[in-house]
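Novice: Pasted the sequence and its predicted model underneath.
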Amino acid sequence: MAKSNQPVLEVTDLKKHFPVRKGLLRRTVGYVYAVDGISFTINEGETLGLVGESGCGKTTAGRAVLRLIEPTGGTVKVMGQDIAPLSKKELRPFRKQMQIVFQDPFSSLNPRMTAGDIVGEPLYVHGVSSGKERQEQVAALFERVGLRPAQMVNFPHQFSGGQRQRIGIARALALGPKLIVGDEPVSALDVSIQAQVINLLQDLQRERQLSYLFISHNLAVVEHISHRIAVMYLGRIVEHADTRSIFKNPQHPYTEALLSAVPVPDPAIKRQKRVLQGDVPSPVNPPSGCHFHTRCPYAVARCKVESPLLREIAPGHHVSCHLR
Ligand code: SF4
């Protein structure tokens, strides 16, 4: 199948600021700068890994892209169309193109519905098919994700964690989307099962030219599935490059620190362990200048007052640090 040149997803200066309200009158006294102006694109058949510690804004970014929460600013173009200003009705056709797979396959599946009904629900809601035709489509989806059609009558609690995530993937595939946002889709699974689910996602990508925004706190997990990686810290992207460059030649001190925690399978290779000092600062009152300066071992006076821009330091390799 020929690839389209148009990005499937083009995100520009996306922001999500949550108001902090206090007192009887619930006055706004500040904002949580969960996502503070991030930009990236994802092409057809491509995976972008979005990585960072918990609280860095990556999950909020994924939800704002899908408009499961309303962005505060920026544009989100899906197949060239900005979906940010669309009404719910206008958004409907785009909902088919964009789906999500959640982290916890148990709480994201309705325990009172059979697995077959869960997977068939999007087909019902969007009026795609009904009756026997829908049953056949659901059975085919079950087979494609490695489940038996006979299991369609079972309830979520009758499946293992890995099987439940396969149900979540089948549901996401039902409407034939272009883009799937995976929000820590394998984090709750055992390591051996993680590999199986990642292999399934990669097979589906090749087969259907799917694009993935793969959100994870774990660089080791995104390495195998991502073509490019964007590293987020306190609502901003601090480094963005192809996966090989991120792993072989990380340029941002935060990426270096995240990488130093990733186990290397070859005992001959030793990475210097860098333990990050302190916790991620609050996004309500982020540090001045470079948000990372309170934890950065290389910080200089300039870092406290001046916010570094995300600059392209080599073709396709973007870094936000005064020292690069
Ligand atoms: Fe560290 Fe300064 Fe670079 Fe920020 S700008 S990452 S504080 S050296």
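Specialist: Nice, I can see it.
Novice: And the residue nearest the centre of the chain, its phi and psi?
Specialist: In the chain, the residue lying closest to the centroid (CA atoms, centre = their mean) is residue 215, at 2.8 Å. Main-chain torsions, residue 215, degrees, to the nearest 10: phi -100, psi 130.
Novice: so what's it bridging to?
Specialist: residue 50, residue 183 (DSSP bridges).
Novice: Quick check, it in contact with residue 184.
Specialist: Yes - the pair residue 215 and residue 184 qualifies as a contact (CB atoms under 8 Å) at a distance of 6.0 Å. C-betas here are computed from N, CA, C, even on glycine.
Novice: how near is the residue nearest to the centre of the chain to the ligand?
Specialist: From residue 215 across to the ligand, the span is 22 Å (CB to the nearest ligand atom, to the nearest Å).
Novice: hang on, the earlier thing: overlap of the contact sets of residue 215 and residue 184?
Specialist: residue 59 (CB atoms under 8 Å, 6 or more residues apart in numbering).
Novice: what is the rounded mean pLDDT of stretch 115-131?
Specialist: Stretch 115-131 shows a mean pLDDT of 93.
Novice: how about it as PDB, C-alpha atoms only?
Specialist: The C-alpha trace of stretch 115-131 is given here as PDB (Å, rounded to 0.1, in the frame of the first residue of the first chain):
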ATOM      1  CA  ALA A 115     -16.000  -9.400  25.500                       C
ATOM      2  CA  GLY A 116     -17.900  -9.700  22.200                       C
ATOM      3  CA  ASP A 117     -20.200  -6.800  23.100                       C
ATOM      4  CA  ILE A 118     -17.300  -4.700  24.200                       C
ATOM      5  CA  VAL A 119     -15.400  -5.100  20.900                       C
ATOM      6  CA  GLY A 120     -18.700  -4.700  18.900                       C
ATOM      7  CA  GLU A 121     -19.800  -1.500  20.800                       C
ATOM      8  CA  PRO A 122     -18.000   1.000  18.500                       C
ATOM      9  CA  LEU A 123     -19.600  -0.700  15.500                       C
ATOM     10  CA  TYR A 124     -23.000  -0.300  17.200                       C
ATOM     11  CA  VAL A 125     -22.400   3.300  18.400                       C
ATOM     12  CA  HIS A 126     -21.300   4.500  15.000                       C
ATOM     13  CA  GLY A 127     -24.000   2.600  13.200                       C
ATOM     14  CA  VAL A 128     -21.500   0.600  11.100                       C
ATOM     15  CA  SER A 129     -23.100  -2.800  11.300                       C
ATOM     16  CA  SER A 130     -25.600  -4.800  13.200                       C
ATOM     17  CA  GLY A 131     -26.800  -8.400  13.800                       C
END
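Novice: Just give me the neighbour total for residue 82.
Specialist: If you count neighbours by other CB atoms under 10 Å, residue 82 ends up with 13.
Novice: ok, and the closest non-adjacent residue to it?
Specialist: Closest residue to residue 82 apart from its sequence neighbours, by CB to CB, 6 or more residues apart in numbering: residue 75 at 4.8 Å.
Novice: And residue 147, by the same measure?
Specialist: Nearest residue to residue 147, sequence neighbours excluded (CB to CB, 6+ apart): residue 166, at 5.6 Å.
Novice: neighbouring contacts of the strand or helix carrying that neighbour?
Specialist: Assigned by DSSP states H and E, residue 166 belongs to helix 161-173. For helix 161-173, contacts defined as CB under 8 Å, 6+ apart pick out 99-102, 105-106, 108-109, 115, 118-119, 121-122, 138, 141-142, 144-147, 151, 156, 159, 180, 185-186, 188-190, 193, 196-197, 200-201, 204, 208.
Novice: Can you pick out the ones from those that are in strands?
Specialist: Secondary structure from DSSP state E places 99-101, 180 of the contacts of helix 161-173 in strands.
Novice: Distance to the ligand added to those residues, as a markdown table?
Specialist: Output for the ones in strands among the contacts of helix 161-173, formatted as a markdown table (distance: CB to the nearest ligand atom, whole Å):
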| residue | distance to the ligand |
| --- | --- |
| 99 | 35 |
| 100 | 31 |
| 101 | 32 |
| 180 | 32 |
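Novice: okay if I get these as JSON lines plus neighbour count?
Specialist: Shown next, in JSON lines, are the ones in strands among the contacts of helix 161-173 (neighbours: other CB atoms under 10 Å):
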{"residue": "99", "neighbour count": "23"}
{"residue": "100", "neighbour count": "22"}
{"residue": "101", "neighbour count": "24"}
{"residue": "180", "neighbour count": "23"}
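Novice: Just send those residues back as JSON lines, with pLDDT too.
Specialist: Below are these laid out as JSON lines (pLDDT from 0 to 100):
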{"residue": "99", "pLDDT": "94"}
{"residue": "100", "pLDDT": "93"}
{"residue": "101", "pLDDT": "92"}
{"residue": "180", "pLDDT": "96"}
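Novice: Give the buried residues for the top strand by length along the chain.
Specialist: Taking DSSP E as the criterion, the chain has its longest strand at strand 27-42. Buried residues in strand 27-42, counted by 16 or more other CB atoms under 10 Å: 31-42.
Novice: and which of the residues you listed is nearest the ligand?
Specialist: residue 36 (15.2 Å; CB to the nearest ligand atom).
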